[in-house]
Structures are given as structure tokens and as C-alpha cells.
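> Sequence and predicted structure below; questions after.
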Amino acid sequence: MKKNPFAMKFRRIILLGVFFLLFISQAAVGAEMVSIADDDINMRSGPGTQHEILWKIGAGFPVEILKSNGEWLQVKDFEGSTGWVKKNMTKNTPHMIVKANKGTKNQIDVRSEPSPKGGKVVAKANYGVVFKTLEKKGDWVKVGHGQAVTGWVEKNSLWGF
């Protein structure tokens, strides 16, 4: 039986298209995020305890996973700094960090309702404050901080999605 060159080309194009769509859909899913499980966790320059400690990182701090190497994760924080942390020092509990107003004393509003005018301000937060993520609703995120603060923050003021 003679093979049809047009059919073979068509199959190749379809296979390439499927591969491309799978690749794009994986990229669209977004970054894999984890949060730091405890206080005073070492962020290292490489995947192992023999590597230099770059800084200490605290409980709840959200980080984006860049890659993994055995028991270690290379991660990036909201300011773009990278380092390595042991996998068992992270957890999947979602957290956000305030990325708005860097270098200023300005604060973001934490509101009682997910609306810039509809809810009263229940708290204010500075750049770098970490919140536990409770719920997402459109352009708003319901967050919690400690026992006392629960409210809504505009998504564009936060990092950790």
C-alpha cells in the first residue's frame, strides 16, 4: 500500500499542534508556590547543608519553586531573590505577601468586604507583611494574619499566586 504524502504531513502537523498546546497549557497553569513551614529556616546558596546560608526566612513566607534537586528546592521570593531550601521545610498552605508600596511608609487596606468602597478598613499592612490566603474572589483575596486580622485585599497588592 502506497503512503499518501499529504496524509503524513497532516499527521505531523496535528502532532506538533497537540504538543504545542500541551506545552502552552502547562505554562499557563502558573508557578508552583509553597510557603515556609517554620521560623528561622536557612535559605542557602546551593542544594545542601555544605552551602552558605544566604539569609533566614520565616514561617508562612511564600516562595515560587524554580526547580528541585533531591531533597532541595530552588526558590524565588517576591523580590526576585533566589536560594535553596530543604523540601521538608516547606508546606502547601497558601500565603501571600504585600508587594505594594516598596520603599515608602504607605500601607494597603485590609477591608471587611471585597470592594474598594463597599467594605470598611479593618486593618492596614506594610510592604513585606505575610498573610495566610483564605479565599480568592475575582480581583480580591481574603487573608488572615495572626488571630486578630481577617479581611479582603486587592489582588494586585499581593504576591504569591
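Received it, and whenever you're ready, just let me know what you need.
> just for the chain, where's the confidence low?
1-30, 118 (pLDDT under 70).
> which residues in it form strands?
33-36, 41-44, 53-57, 62-69, 72-76, 82-86, 90-91, 95-98, 108-111, 121-125, 130-137, 140-145, 149-154, 158-159 (DSSP state E).
> As CSV, those strands with mean neighbour count would be great.
C-beta: built from backbone N, CA, C; applies to glycine. Below are these laid out as CSV (neighbours: other CB atoms under 10 Å):
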stretch, mean neighbour count
strand 33-36, 22
strand 41-44, 19
strand 53-57, 14
strand 62-69, 17
strand 72-76, 20
strand 82-86, 19
strand 90-91, 18
strand 95-98, 24
strand 108-111, 21
strand 121-125, 16
strand 130-137, 16
strand 140-145, 20
strand 149-154, 20
strand 158-159, 21
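> so how many other residues sit close to K155?
When neighbours are defined as other CB atoms under 10 Å, K155 has 16 of them.
> give the contact list for it.
Taking CB atoms under 8 Å, 6 or more residues apart in numbering, we find K155 in contact with K136, G138, D139, W140, V141, F161.
> for those, which one is nearest Q74?
F161 (19.2 Å; CB to CB).
> Now do the contacts for that closest one.
Here F161 is in contact with G30, A31, M33, M96, K155 (CB under 8 Å, 6+ apart).
> and it, how far is that from E71?
For F161, the distance to E71 equals 26 Å [CB to CB, to the nearest Å].
> Repeat that for N156.
35 Å.
> Please apply the same query to T49.
Counting by CB to CB, the gap from T49 to E71 is 10 Å.
> that older thread, widest-spaced pair of the contacts of F161?
A31 and K155 (15.0 Å).
> Span of stretch 88-104 from start to end?
End-to-end span of stretch 88-104 (CA to CA, to the nearest Å): 35 Å.
> so how far is it off the chain centroid?
8 Å (CA atoms, centre = their mean, to the nearest Å).
> and the closest residue to L134 other than its chain neighbours, what is it in contact with?
Closest residue to L134 apart from its sequence neighbours, by CB to CB, 6 or more residues apart in numbering: K142 at 4.3 Å. Shown in contact with K142 (CB under 8 Å, 6+ apart): P114, T133, L134, E135, K136, T150, G151, W152.
> 10 Å - rerun?
110-111, 113-114, 131-136, 150-153 (CB atoms under 10 Å, 6 or more residues apart in numbering).
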